[in-house]
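**Q** Compute the structure for the input listed below.
(one chain, ligands or ions: 1)
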Amino acid sequence: MTASETVGPPRGRVREALDYVLWAYTPFRPMSARDIYDLVSTNAFTARGLYLNLGYWKTARTIDQACEALAALVGNTAAMGGDDEVVDVGFGFADQDMLWMQLFAPRRITGLNVTPSQVRLARARVARLGLADRIELLEGSATAMPLADASCDIVTAVECAFHFDTRERFFAEAFRVLRPGGRLVLADVIRNAPEPGGFRRRVQEVTWAAFARTFAVPPANADRREGYAGKLRAAGFTDLRVDSIRALVFPGWHRAMGEDAALRRRLHLAGRLPYRLLLRLDANTVYSAFDYVLAVARKPA
Ligand SMILES: C[S@@+](CC[C@H](N)C(=O)[O-])C[C@H]1O[C@@H](n2cnc3c(N)ncnc32)[C@H](O)[C@@H]1O
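**A** Numbering: from 1, shown residues only. Here you go, the predicted model:
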């Protein structure tokens, strides 16, 4: 990260630490997704870019490769190509959009993000690469897109739709802005199927509730796989696939957290502390509450 890759005046370490503790460990500071990403700021866990996802670990060996691999997977699943106009919601710092331009060269990408500090820095990064005429980054919500009906070919959401209020509203918006035949592709965190046995199921419930509170996940988004597909269908989409890729996400992330000391150091201390305990457990136990899906759906032609 360069000195220019900051999102505003420094907050002061004590103030920042206090904000993290209040957010992550107390019920006194419920935060919106926008507040959370303002707080996290550029403390991304990648070494090179500013991705904020857990990564796709099929062949990746480092967090940087895994985050890029997740973005590439979404682009490939969407069959992104030179004729496509793409709307990418929840773009973080636009790493995925710059990667897609390099890999697939779509005609245009319009990004939408609710976090103004991310939008500002992402615009500067895109301009530095000379891509400002191909990647337009807007401040706005995935649930109320400032875009015309039937104005794009692909809508993407990389590890962000669990925040949207609600995911269902986003599906309706995606359907509206897509042209007939257009594709929606998401990498998304949802609830896992319930475990047999009272204790393990209770652990799943408590873990999901803690995740939802900490990461501003509306109750309506506590979907499992069948419910998720049902909502896509109800929005009008066809040719659905909602595939679990959890085995290629959580274990790789968990292993990297255990083995990569530099990755751990890049997390804020307050985020790093719980891992002292969590890393003693296996990934299946730690992430038993969560499924991670790659979802693809089409607006009928
Ligand atoms: C976990 S980060 C993922 C960022 C990026 N996709 C990546 O993989 O690095 C979630 C992103 O969703 C954005 N976000 C949250 N709620 C949103 C909403 N309603 N509309 C648009 N973006 C939203 C946040 O600002 C943040 O950029």
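
**Q** contacts and neighbour counts: CA atoms only from here.
**A** Noted.

**Q** Which helix or strand lies directly C-terminal to the helix or strand residue 173 falls within?
**A** Per DSSP states H and E, residue 173 falls inside helix 167-177. Toward the C-terminal end, the helix or strand that comes next after helix 167-177 (DSSP H and E) is strand 178-191.

**Q** The ligand versus residue 41, what's the distance?
**A** 10 Å (CA to the nearest ligand atom, to the nearest Å).

**Q** go on, residue 246?
**A** 16 Å.

**Q** Now do the same contact list for that residue.
**A** 290-293 (CA atoms under 8 Å, 6 or more residues apart in numbering).

**Q** Is it correct that residue 220 is in contact with residue 163?
**A** No - counting by CA atoms under 8 Å, residue 220 does not reach residue 163; the two are 10.3 Å apart.

**Q** which stretches of the stretch 51-200 of the chain form strands?
**A** 85-89, 108-113, 135-139, 152-158, 178-191 (DSSP state E, counting those that start in this stretch).

**Q** how about the residues of this structure that lie near the ligand?
**A** Neighbours of the ligand within the chain, by CA under 6 Å from any ligand atom: 33-34, 37, 51-53, 89-92, 112-115, 141-143, 158-160, 163-164.

**Q** What about those residues, which are in helices?
**A** Mapping the residues of the chain next to the ligand onto helices (DSSP state H) picks out 33-34, 37.

**Q** Any of those residues buried? List them.
**A** For those, a burial check counting by 16 or more other CA atoms under 10 Å picks out 33-34, 37.

**Q** Show residues contacting stretch 91-100.
**A** With CA under 8 Å, 6+ apart as the test, stretch 91-100 has contacts from 49-52, 68, 71-72, 75, 88, 106, 109, 111-113, 118-119, 121-122, 126, 131, 135, 157-158.

**Q** And that stretch, what's buried?
**A** Those would be 91-98, 100, for stretch 91-100 by 16+ other CA under 10 Å.

**Q** so which of the residues you listed comes closest to the ligand?
**A** Using CA to the nearest ligand atom, residue 92 comes nearest to the ligand of those, at 3.3 Å.

**Q** So what does that closest one look like in phi/psi?
**A** phi 60, psi -120 (degrees, to the nearest 10).

**Q** For it, give me the pLDDT.
**A** Per-residue confidence (pLDDT) for residue 92: 97.

**Q** how close does it get to residue 158?
**A** Note on residue 92: its distance to residue 158, by CA to CA, to the nearest Å, is 9 Å.

**Q** Please apply the same query to residue 23.
**A** Relative to residue 158, and taking CA to CA, residue 23 is found at 24 Å.
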